[in-house]
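Participant: below are the sequence and a predicted model for it; my questions follow.
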Amino acid sequence: MKVSFPYMGTTVIYKKLLELLGHEVIEPPVPSQRTIDLGVKNSPEFACYPLKIILGSYIEAIELGATTLVTSGGHGPCRAGFYGETHSRILKNMGYDIDLIVFDAYKRDIMGTIKNVRKIMNGNSLFYLWETLRIVYLMAKSMDKMEKKIQKLRAYEVCYGDCNRAWEKVQKVFNDIKNIEDVKKAKIKSKSILDDIKVIKIPEPEKIRVGIVGEIYVVMEKSINLKIEEILGNMGAEVERSQYISEWIDYNLLPIWISKPHELEILKKGEKYIKEIIGGHAKQTVGHIVDYAERGFDGVVHLMPFACLPELVSQSIIPAITNEYNIPVITLPIDEQTGLANVQTRIEAFLDLIKNKKRIRIA
Ligand code: SF4
């Protein structure tokens, strides 16, 4: 079968998993204006923005020959739990005969997970599957570590674009791995790529650190969030996202006693403001803002996709957290109308504000 997946963040990881299991992988193109147009045109108008982009991404993968799509499911009271069914029906109505394999959290549907695992195992043994998952997990952990480092270095790079070029190289290095030994070699090679980036030395108290929180898709997919990390980095701010793929795996796929997920601490920090899981990552959003404030970050950018109710709720709570923790937060709504110039201007003004605040505090 020709397999594809929705484009989100570091796609090397999903690609590697399917490749190592022996599938012919059709890589979906990087989301573009065409992806957005296809998704918007074929989705219900009231659907949330990520649903539309992912649909556009599926259509482009199908056009390239994909016959099977593999994705993770969602749960909770927002639309995430219906993505699989909604996408499946829309694609069917469009005349595409596609097998959509949706991995819901295994704790919620053990039998469904076993059935899906059998499908993607592709006749390999359980031992081989375990080894493959181990390779991909270690790869995700290492790549996230490298990406976090790049998100800090970008603020101080001497030569504009060095960090982006380094990240491209790192992804290529990890794209070539075939076994655990290769992961170790890739880590060493990537570290030396990052060590080669020349940076300006800035005194610690003058550094600006900004967290990015919000719904997972718009936080992780840079082509949809107008490369917000790069905008912030190029304006001199260190960045950290609330979502990384390895942390998602820790919380959603691994037993707690193995992974000790960071997300549990974050949920505890959000408990005071949102008691229940209200869907998406709203509770994590408020928990992460508290976490960033406690860790001394200078500000937070909150990304909210169009028609996302959970993030609308977290947005309404943000002023209370801002007052309590004295941390500036800017909310950026993201949809197909969002313009780059608008985002750049708002981020520039936001950074001016937090830099002035910091200067007054230091003086
Ligand atoms: S969290 Fe928001 S964007 Fe994501 S599925 Fe739920 S409603 Fe849609």
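Facilitator: Looks like it came in fine. Numbers count the residues shown, from 1 in each chain.

Participant: for the ligand, what are the nearby residues on the stretch 51-200 of the chain?
Facilitator: 78-80 (CB under 6 Å from any ligand atom). C-beta coordinates here come from the backbone N, C-alpha and C atoms, glycine included.

Participant: in stretch 57-76, which residues are buried?
Facilitator: With burial defined by 16 or more other CB atoms under 10 Å, the residues of stretch 57-76 counted as buried are 57-62, 66-74, 76.

Participant: nearest to the ligand within this structure, name that residue for me.
Facilitator: residue 280 (2.3 Å; CB to the nearest ligand atom).

Participant: okay, domains of the protein per the record?
Facilitator: If you go by automatic domain parsing, the domain ranges for the chain are 2-124, 134-201, 203-363.

Participant: export these as CSV, with columns for mean pLDDT.
Facilitator: What follows is these, written out as CSV (pLDDT from 0 to 100):
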stretch, mean pLDDT
domain 2-124, 92
domain 134-201, 97
domain 203-363, 93
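
Participant: in helices only, show me the residues of the stretch 51-200 of the chain next to the ligand.
Facilitator: In helices, judged by DSSP state H, none of these are found.

Participant: ranking by neighbours, what's the top pick from the residues you listed?
Facilitator: Ranked by the number of neighbours (other CB atoms under 10 Å), those place residue 80 first, at 23 neighbours.

Participant: for the stretch 1-150 of the chain, what spans make up the helices?
Facilitator: Taking DSSP state H, counting those that start in this stretch, the helices of the stretch 1-150 of the chain run over residues 12-20, 33-42, 49-63, 83-93, 110-121, 126-153.

Participant: can you lay out those helices as JSON lines showing distance to residue 171?
Facilitator: As requested, the helices of the stretch 1-150 of the chain are arranged in JSON lines below (distance: least, CB to CB, whole Å):
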{"stretch": "helix 12-20", "distance to residue 171": "5"}
{"stretch": "helix 33-42", "distance to residue 171": "20"}
{"stretch": "helix 49-63", "distance to residue 171": "18"}
{"stretch": "helix 83-93", "distance to residue 171": "26"}
{"stretch": "helix 110-121", "distance to residue 171": "23"}
{"stretch": "helix 126-153", "distance to residue 171": "8"}
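
Participant: check those for me and report the most buried one.
Facilitator: helix 49-63 (a mean of 24; mean count of other CB atoms under 10 Å).

Participant: just want the angle from it to helix 33-42.
Facilitator: 110 degrees (axes from the mean of the first three to the mean of the last three CA atoms, to 10 degrees).

Participant: now do helix 49-63: distance to the chain's middle.
Facilitator: Centroid separation for helix 49-63 versus its chain: 16 Å, with CA atoms, centre = their mean, to the nearest Å.

Participant: can you tell me which helices and strands it packs against?
Facilitator: strand 2-4, helix 33-42, strand 68-72, helix 83-93, helix 216-220 (3 or more CB pairs under 8 Å, 6 or more residues apart in numbering; DSSP states H and E).

Participant: tell me which other helices or strands the fourth one touches.
Facilitator: Looking back up the chat, that one is helix 83-93. For helix 83-93, the packing partners by 3+ CB pairs under 8 Å, 6+ apart are helix 49-63, strand 68-72, strand 99-103.

Participant: please enumerate residues in contact with that helix?
Facilitator: 42-43, 47, 51, 54-55, 58-59, 62, 69, 71, 73-74, 79, 98, 100, 102 (CB atoms under 8 Å, 6 or more residues apart in numbering).

Participant: max pairwise distance over the buried residues of stretch 57-76: which two?
Facilitator: Spanning the widest gap among these are 67 and 76, at 30.1 Å by CB to CB.

Participant: any idea how far the closest residue to residue 201 other than its chain neighbours is from residue 301?
Facilitator: Distances taken as CB to CB, 6 or more residues apart in numbering put residue 156 closest to residue 201, at 7.6 Å, once the chain neighbours are dropped. Here residue 156 is placed at a distance of 19 Å from residue 301 (CB to CB, to the nearest Å).

Participant: which one of those two is surrounded by more residues?
Facilitator: residue 301 (28 against 17).

Participant: quick one: residues contacting the nearest residue to the more buried one once chain neighbours are set aside.
Facilitator: Of all residues not flanking residue 301 in the chain, residue 212 sits nearest, at 5.0 Å (CB to CB, 6+ apart). Contact analysis of residue 212 by CB under 8 Å, 6+ apart lists 219, 228-229, 232, 239-242, 300-301, 303.

Participant: which one of the residues you listed is nearest to residue 170?
Facilitator: residue 229 (15.0 Å).
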